[in-house]
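Enquirer: 3D, please:
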Amino acid sequence: MAHVRPSFRRSSALALALLLLALGGTLLPVRPGAQTEPVAVLDIDGPIGPASSDYVERSFAKAQDLGAALIVVRMDTPGGLADSMRSIIQEILASPVPVVGFVAPSGAHAASAGTYILYATHVAAMAPGTNLGAATPVQIGGGFPGGPAPADEEESAPQSGEDGEDAPPRRRAGMEDKVLNDSIAYIRSLAQLRGRNVEWAEKAVREAASLSAVEALEQDVIDLIAVDLADLLDNLDGREVEIGGATRTLQTAEREVVRLEADWRTQLLAIITDPNVAYILMLIGIYGIIFEFYSPGLAFPGVVGAICLLLALYAFQVLPVNHAGLALIALGIAMMAGEMVLPSFGALGIGGVVAFVVGSIMLMDTDLPGFGIAWQVIAGVALGASSLLLLLMAVLARSRQRPVVTGQEEMIGGRARVLDWAGAVGRVRIHGEIWAARGPAGLTPGSTVKVSRIDGLTVEVEPEA
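Expert: Predicted coordinates:
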């Protein structure tokens, strides 16, 4: 009878146990509370800009990598840039994961661009005490949609009515009307896609209408009201949404909640695309390069200035910048720098300060909240530049009144000591140099005289009083 080695029996028993464990794990039913697909939550706070769209894009990709069953976009925003808003909406519409828009906490709002984003989500929810609306687009470069058309856009010949009276001239569609109509068509398409109130959506754009959470639910603008995230997930459980042409039932009970925070890249983008920060970076960049030209070889001002200027230019690329304002700022700085090199008794400097302030006010070409340069920043920078200019002018004026301290002219009025003297001529020592001199007769070696005039290489002296 053959004997089986103990090591072989132990290996066989271990392999059999692992096989049974694997089979048992596949056959055991999953408990209802043991959901593996989490709920991803991301927050949009403040104005919507390039950083917000980058954050949403990266968060949606991360949520899909996590295998999220649902994405909740919590919002509290006054609106923002149209390009960034459309990028976010495109991410929502293309998402294979259901997206829920949630205006929270109480006191939050989803105004302007936030209303469009809420309409684009598969499920729209709001917390008590919140509001949405006021989605009228703000025209970049001045003017508001719906306002009077320019004179050259009106018909020159009035139309006659049936009663013989002249009817008012018809308006052509100007740029403001095009922007308004495009925005209305956009939000109507979103409302039709999600089966929400189309008429109020148009009213929110055309008339800047707003609604509270309760009114929005009554008018079929949103789908539900929830106190907080836990209440939202309870209300969403079992709700059906249409995504990718198919109906999907949400199962949100007892799911793990994963909050997707902004990473360092998004935070850096949010900082440098702040108009005030971009404005200061531009000034640091320009002045750093100017100082490098004034003092070649320092390297540090040039390196810092180049980096700051490149960051500012990147920020201005994605921000609504008025190029005339940018040109005025550059002109103002050039004129102030020119005042230091070519003093013009303040003409260049004052003109530079004026151009700089006007350009700073014009720089951000939009009235959107959160995308303007604070007047405190402009005033502080202008005050600093003016103070430096006044200090420079004072130094220049004082330097003109000072006596000459170098060259031959500096010796006039100076003291000299007689080395030898014969008649009316002799030699004197002044500032360690020996000069031929002429003056009154009777001067003795060792006596002190005062230089009254310089004639070529000869000084005229007179006895010191």
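Enquirer: looking at stretch 50-68 now, give me its mean pLDDT.
Expert: For stretch 50-68, the mean per-residue pLDDT is 93.
Enquirer: stretch 74-94 too?
Expert: 93.
Enquirer: swap in stretch 113-125?
Expert: 95.
Enquirer: stretch 228-238 too?
Expert: Rounded mean pLDDT across stretch 228-238 is 93.
Enquirer: from here on, count from 650
Expert: Got it, the first residue is 650 from now on, which makes the last one we talked about stretch 877-887.
Enquirer: how about the CA coordinates for that stretch, as PDB?
Expert: Provided in PDB are the C-alpha atoms of stretch 877-887 (Å, rounded to 0.1, in the frame of the first residue of the first chain):
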ATOM      1  CA  ASP A 877     -29.900  67.400   2.300                       C
ATOM      2  CA  LEU A 878     -27.900  64.800   0.400                       C
ATOM      3  CA  ALA A 879     -29.200  61.900   2.500                       C
ATOM      4  CA  ASP A 880     -32.800  63.000   1.900                       C
ATOM      5  CA  LEU A 881     -32.000  63.400  -1.800                       C
ATOM      6  CA  LEU A 882     -30.700  59.900  -2.100                       C
ATOM      7  CA  ASP A 883     -33.800  58.500  -0.300                       C
ATOM      8  CA  ASN A 884     -36.100  60.300  -2.700                       C
ATOM      9  CA  LEU A 885     -34.200  59.200  -5.700                       C
ATOM     10  CA  ASP A 886     -34.300  55.500  -4.900                       C
ATOM     11  CA  GLY A 887     -36.600  53.700  -7.400                       C
END
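Enquirer: pull the residues that contact it.
Expert: 688, 690, 719, 721, 723, 749, 751, 753-754, 772, 774, 776, 873, 875, 898-902, 904, 906 (Cβ atoms under 8 Å, 6 or more residues apart in numbering). (Glycine included, C-beta is placed from N, CA and C.)
Enquirer: pull out the buried members of the residues you listed.
Expert: For these, a neighbour count by 16 or more other Cβ atoms under 10 Å gives the buried set as 688, 690, 719, 721, 723, 749, 751, 753, 772, 774, 776, 873, 875, 899-901, 904.
Enquirer: in strands, which of these fall?
Expert: Among the buried ones among the contacts of stretch 877-887, the residues falling in strands (DSSP state E) are 688, 690, 719, 721, 723, 749, 751, 772, 774, 873.
Enquirer: isn't the fifth one right next to residue 689, touching?
Expert: No - Residue 723 lies out of contact with residue 689 (Cβ atoms under 8 Å); the separation is 11.2 Å.
Enquirer: looking at this, residue 854 is in a helix?
Expert: Yes - the assignment for residue 854, made by DSSP: H, G, I helix; E, B strand; the rest coil, places it in a helix.
Enquirer: contacts only, for it.
Expert: Per Cβ under 8 Å, 6+ apart, neighbours of residue 854: 784, 785, 786, 829, 832, 833, 836.
Enquirer: what packs against whatever helix or strand the fifth one lives in?
Expert: Element membership of residue 832 [criterion: DSSP states H and E] is helix 824-843. Taking 3 or more Cβ pairs under 8 Å, 6 or more residues apart in numbering; DSSP states H and E as contact, the helices and strands that helix 824-843 lies on are helix 762-769, helix 847-855.
Enquirer: need the winner for burial among those.
Expert: helix 762-769 (a mean of 29; mean count of other Cβ atoms under 10 Å).
Enquirer: neighbours of the closest residue to residue 926 other than its chain neighbours, how many?
Expert: Counting by Cβ to Cβ, 6 or more residues apart in numbering, residue 926 lies nearest to residue 920, which is 5.7 Å off, once chain neighbours are set aside. Neighbour count of residue 920, defined by other Cβ atoms under 10 Å: 14.
Enquirer: confirm that residue 920 sits in a strand.
Expert: No - judged by three-state DSSP, residue 920 forms no part of a strand; its state is helix.
Enquirer: how close does it get to residue 734?
Expert: Residue 920 is 21 Å from residue 734, where distance means Cβ to Cβ, to the nearest Å.
Enquirer: same thing with residue 1012?
Expert: 22 Å.
Enquirer: so which residues of the stretch 850-999 of the chain form strands?
Expert: Remark: strands assigned in the stretch 850-999 of the chain by DSSP state E, counting those that start in this stretch are 859-861, 873-874, 889-892, 895-898, 906-908.
Enquirer: state the mean pLDDT of the last one.
Expert: In this model, strand 906-908 carries a mean pLDDT of 93.
Enquirer: list the residue ranges of the stretch 850-999 of the chain that fall below the pLDDT cut-off.
Expert: 989, 992-995 (pLDDT under 70).
Enquirer: a markdown table for the helices and strands packed on helix 824-843, including distance to residue 1070?
Expert: Below are these laid out as a markdown table (distance: least, Cβ to Cβ, whole Å):
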| stretch | distance to residue 1070 |
| --- | --- |
| helix 762-769 | 94 |
| helix 847-855 | 101 |
